[in-house]
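# Can you look at this prediction? I've put the sequence above it.
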Amino acid sequence: MDDILLQQEPFRFVDRMLCYQDRECTCAYTVRESLLCENGHLSAEGLIENMAQSAAARAGYMCKYILHIPTRIGMIGDVKHLKISRLPSIGETLLTDVRVIEDVFGITMMEVGVHAGNEQIASAIIKTAVR
């Protein structure tokens, strides 16, 4: 992941990319103790960071392997319709699906869903911007 995701430990919330398609990807993360864990669970902020980093991994993969340019720095511009049904426990593996809704002038709007097993535990619409 070091070649497509700029975040480093202890602030990395994606372990690997499982699949990539033009406007979609799925990333995996096994929750471990971090600054964004509370009482044995990944916090809401940690879930949002997982979503954003999964989106960043998609962009990084596209930069490196499709466009053949260096990975660019991005930032979260907006989070809408955030729904969290529960916080994942340390040790749980999350699968985060990212689907691009719109991509215009370096601003990308994505639908993101986080699953633990067969259960969707979080979702949001996220906008990111790239420098």
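Good, I have the coordinates.
# how about the residue most central in space within the chain, phi and psi?
The chain has Ser54 as the residue nearest its centroid, 2.3 Å off, counting by CA atoms, centre = their mean. The phi and psi values for Ser54, taken as degrees, to the nearest 10, are phi -60, psi -40.
# Pull the contacting residues for it.
Ser54 makes contact with Val14, Cys25, Cys27, Thr96, Val98, Val112 under the criterion CB atoms under 8 Å, 6 or more residues apart in numbering. For the C-beta atoms, the positions are set from N, CA and C on the backbone; glycine is no exception.
# Let's see that with 6 Å instead.
Counting by CB atoms under 6 Å, 6 or more residues apart in numbering, Ser54 touches Val14, Cys27, Thr96, Val98.
# before we move on, what about Val114?
Taking CB under 6 Å, 6+ apart as the test, what Val114 contacts is Leu94, Thr96, Ile121, Ala122.
# Mind doing that once more with 7 Å?
Taking CB atoms under 7 Å, 6 or more residues apart in numbering, we find Val114 in contact with Leu47, Asn50, Met51, Leu94, Thr96, Ile121, Ala122.
# what do you get for Cys37?
Per CB under 7 Å, 6+ apart, neighbours of Cys37: Ser43, Gly46, Ile90.
# in the host helix or strand of Leu82, what counts as buried?
In the assignment (DSSP states H and E), Leu82 maps to strand 74-84. Buried residues in strand 74-84, defined by neighbour count with 16 or more other CB atoms under 10 Å: Gly74.
# Tell me how far the residue sitting furthest away from the middle of the chain lies from Ala57.
Taking CA atoms, centre = their mean, the residue of the chain most remote from its mean C-alpha position is Asn39, at 22.4 Å. Asn39 sits 28 Å away from Ala57, going by CB to CB, to the nearest Å.
# rewinding a little: tell me which of the contacts of Ser54 fall in strands.
Cys27, Thr96, Val98 (DSSP state E).
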